[in-house]
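**Q** Curious how this folds, go ahead:
(one chain, ligands or ions: 1)
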Amino acid sequence: MIFPYQPKKSLGQNFLVDENIINKIVSIGNINKDKTVLEIGAGYGNLTKKILAKNPHKILVIEKDKNLFSFIKENFSNLKNIKLFNSDILKIIENNTLGKKIIVYGNLPYNISTQILAKFILLKKWPPWYDNLILMFQKEVAERIIAKKNTKNFGRLSILCNWRLEIEKHFDVSKNCFYPKPKVNSTVLSFKPKKNYEFYLKDPKILEFITRILFSNRRKMINKNFSKLFKNSIDVARELELDLNCRPEQLNNEIYYKIAKKYENLLG
Ligand code: SAH
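**A** Modelled structure (predicted):
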């Protein structure tokens, strides 16, 4: 395979070159002629090609890099079921006019992978415009996403993701499957929106806010930080049956959602 342009670190350009892995990723989404796909960061189109081979109804391709965008345009724009955008995915996620029940693929630029995921979670409209996110993360980040309480990886990211998404781990991908070879291995995860999630929040950002406060000292008991959120913190804790002597990683996901709701009710 030829790569005409110098790969840009700043755009997280590590291209997947292992055919077998590409096939495995593409098959996760069960693409057929009724499905619309959105691909984040197409690069040289390695994944794009294999997605197209499954004959989707339509594929929307986002690529921020001008050079790579023109490469993609030259190679794919003659097809009628493809739409290309030279754009930043972070500006696209909130756009509600893309369609419905879209399957999203992305071998994500690592430097903004959690930022991208957070945007997918914090959408105002729910259920959102996508049906499945099939995303590749740096292995360490994936471990934080799927972490359970009482482990060192458990934290804000796992709490936020589990709030509205059903998460599935598929497989790890060795760094040798990429060009240029990154320093770390990767993991493919997929996410389906929970249709009737239990803890509705008027403003999803509240969950980000309260977890930021409560996780600001991982090793300490939460009582001090909890009292920053609630004036009558002892009463609130009693209502929630929350032990303020716990460290933040000892609490389960649900209690964070309950705290967020309490906080929201307080704001009125
Ligand atoms: N899917 C390709 C490329 C993965 S590398 C493959 O697997 O081979 C990540 C790609 O995302 C690069 O092409 C990079 O230019 C692009 N990218 C980086 N930041 C982006 C952003 N904010 N929006 C859209 N694309 C971006």
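**Q** residue contacts, the residue nearest the centre of the chain?
**A** In the chain, the residue lying closest to the centroid (CA atoms, centre = their mean) is residue 117, at 2.5 Å. Applying CB atoms under 8 Å, 6 or more residues apart in numbering to residue 117 gives the contacts 133, 135, 145, 161, 191. The C-beta positions use only the backbone N, C-alpha and C, and glycine is treated the same way.
**Q** What about those, which are in helices?
**A** The helices, defined by DSSP state H, take in 145, 161 from these.
**Q** And for stretch 118-128, what's in contact with it?
**A** Outside stretch 118-128, the residues within contact range by CB under 8 Å, 6+ apart are 90, 93-94, 96, 104, 129-130, 133, 160-161, 163-165, 191, 193, 195, 197, 204-205, 208.
**Q** Enumerate the positions of that stretch that are buried.
**A** Buried residues in stretch 118-128, counting neighbours by 16 or more other CB atoms under 10 Å, are found at 118, 119, 120, 121, 122, 123, 127, 128.
**Q** That stretch: how far from the chain's middle?
**A** What separates the centre of stretch 118-128 from the centre of its chain is 11 Å, taken as CA atoms, centre = their mean, to the nearest Å.
**Q** Stretch 83-101: end-to-end distance?
**A** By CA to CA, to the nearest Å, the extent of stretch 83-101 from end to end equals 17 Å.
**Q** outside of it, which residues touch it?
**A** Contact with stretch 83-101 is made by 35-36, 38, 40-41, 58-64, 66, 69, 72-73, 76-77, 106, 112, 115-116, 119-120, 123-125, 129-131, as judged by CB under 8 Å, 6+ apart.
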